[in-house]
Every structure is written in C-alpha cells, then in structure tokens.
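# Sharing a model prediction with you, sequence too.
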Amino acid sequence: MHDTPPPERGSEPSADEIAALFTRSDGEYLCARWGRPLAPVVFGVDDRTLGIVKGAFEAVAELAGHEIAETDPELGANVMVFFFRDWDELTEVPNLDRLVQGLAPLVERLKAADANQYRVFRFDGDGAITACFVFLRMDAELSAVPAETLALSQVVHSMLLWSDTAFTTRSALGTLSDGRVVLRPDVAAILRAAYDPVLPDVARDPSHALRLHARLTAGRLS
C-alpha cells in the first residue's frame, strides 16, 4: 500500500517554490505530463517486487487522476522499468537500442559516472510525455533501499518532467511517525494540480507555476 496523506492546512508551497521544481539548471521553465495512459512493465524482479512497483504506479496515477492501461497502442508498454546489476546488461536487451537512441554511448557515460539510476523520456510533437525508460543498477546503495520506497520514488519522478535540480536537496518522499514512507503532501498536491484537465500537457512559461499554486490554494480552501 502506498499512502499519500492530504496536504495540511496552510502547508502548500509558494509559487516560487513550485516554479523551482520545474526550472532547469539552464534557467528554462518546463513542466510536461503524460499525454496518454500509462502502460508499465517491469524487468529483472521477482513477483513480490513486481507487485510493489505496479502498485506504486496505480496509487500515484490514481492520485493524479491519470489512467493506467494494459497496453500502449504504439509501444505495447510505454513505461519500462529495468532492474539490473551492471550497465552493460542494457546493451544486451533485444531492440532496446531502437527505443533509446544512443543507448551504447549512454551506457558508457553512466558507467564512467558510476551512476546507479537514470531515466529517459520520449515526447510527442507538442512535448507531452509518451514513454519513459527507468534504469536502476542495483548497487549496494540502491539494494539497501526498501522496495516500497524505491518504487514510489521512481514512479513520482516518472510522472512529470521535473527540473534536473528538483529534489536534489530534499526528497519527494517523507516518513510518517509510524515509520511509513509516503509521498510528501506538498509534492502530492503539485502532482495532482499538474494533471488538472484545464492545464496544458506542456508548459514553458513560468506563469504556469502560478496556475498550479492557485489550484493548491483552492484545494485547501474547499
């Protein structure tokens, strides 16, 4: 079970704090969400972990008011989560190089950086998310993270195109008094607001953060 507590009264972030989550290190504001239902598939795990990851997708998609589908008409599965021990394993996955452009040089860069995770997004002509590939190299650090925590974190990071600097100083997750790890209420509220049908799938103007903030405030007052 992946619980997401409701935002506390008066706990919503400011418009500037919201904007920071979608302002990239080059100064560009960009918020993109999925333009089609999620159709996730998970590789390299046992049945228990598979259920945990899929449960996380279902819980976060329900929070956002977004659909989960059995298949994607274009790719079959449009969210692919790979668990593995060595980056070189990715180059052995059949046809993955057709889905992820420049896979071989990407793997070399990730090996050189000693990275343990990476996400690749694909977009439609307007910039909405159409696919996401999540790569998790299960080194000692990631292996020490509970499956529920790792799954929830990866799903949240895959639901929106957050800034490359978002959550570098503070995780999107928090811990309740009973020890359960949950999505932070403010992040949950932003995610839910970002999927408001009135808002566009893609926003490049910082004024979008003001619209997100207005929805957070309206939700608190309702």
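Cool, the structure landed.
# next one: phi and psi at the nearest residue to Ile129 once chain neighbours are set aside?
Nearest residue to Ile129, sequence neighbours excluded (C-beta to C-beta, 6 or more residues apart in numbering): Trp34, at 4.6 Å. (Glycine included, C-beta is placed from N, CA and C.) The phi/psi pair for Trp34 (degrees, to the nearest 10) reads phi -70, psi 140.
# And for Glu67?
With angles defined as degrees, to the nearest 10, Glu67 sits at phi -90, psi 150.
# tally of neighbours for it?
Applying other C-beta atoms under 10 Å, we find 12 residues neighbouring Glu67.
# go on, Pro13?
20.
# quick one: pLDDT of the spatially closest residue to it that is not a sequence neighbour?
Distance criterion C-beta to C-beta, 6+ apart; nearest residue to Pro13, sequence neighbours excluded, is Asp186 at 5.0 Å. On the pLDDT scale, Asp186 is placed at 93.
# do the same with Met1
42.
# go on, Cys31?
Note on Cys31: pLDDT of 98.
# Next one: the residue nearest to Ile129 relative to Thr130, how far apart?
8 Å (C-beta to C-beta, to the nearest Å).
# what about the two, which has more around it?
Trp34 (24 against 17).
# What segments of the chain are helices?
15-20, 47-64, 96-99, 103-112, 140-143, 147-159, 185-194, 207-221 (DSSP state H).
# Mind checking the ones you listed for the one nearest to Ser177?
Among the helices of the chain, helix 185-194 comes nearest to Ser177, with 14.0 Å by C-beta to C-beta.
# mind listing what Ala209 touches?
15-16, 18-19, 22, 29 (C-beta atoms under 8 Å, 6 or more residues apart in numbering).
# Pull out the buried members of those.
Neighbour-count burial (16 or more other C-beta atoms under 10 Å) applied to those gives 15, 18-19, 22, 29.
# now the least confident helix or strand in the chain by mean pLDDT, how far from the centre of its chain.
One helix or strand of the chain scores below all others by mean pLDDT, DSSP states H and E: helix 207-221, with a mean of 85. Centroid separation between helix 207-221 and its chain, computed with C-alpha atoms, centre = their mean, to the nearest Å, is 21 Å.
# and if you look at stretch 32-49?
Distance, centroid of stretch 32-49 to centroid of chain: 11 Å (C-alpha atoms, centre = their mean).
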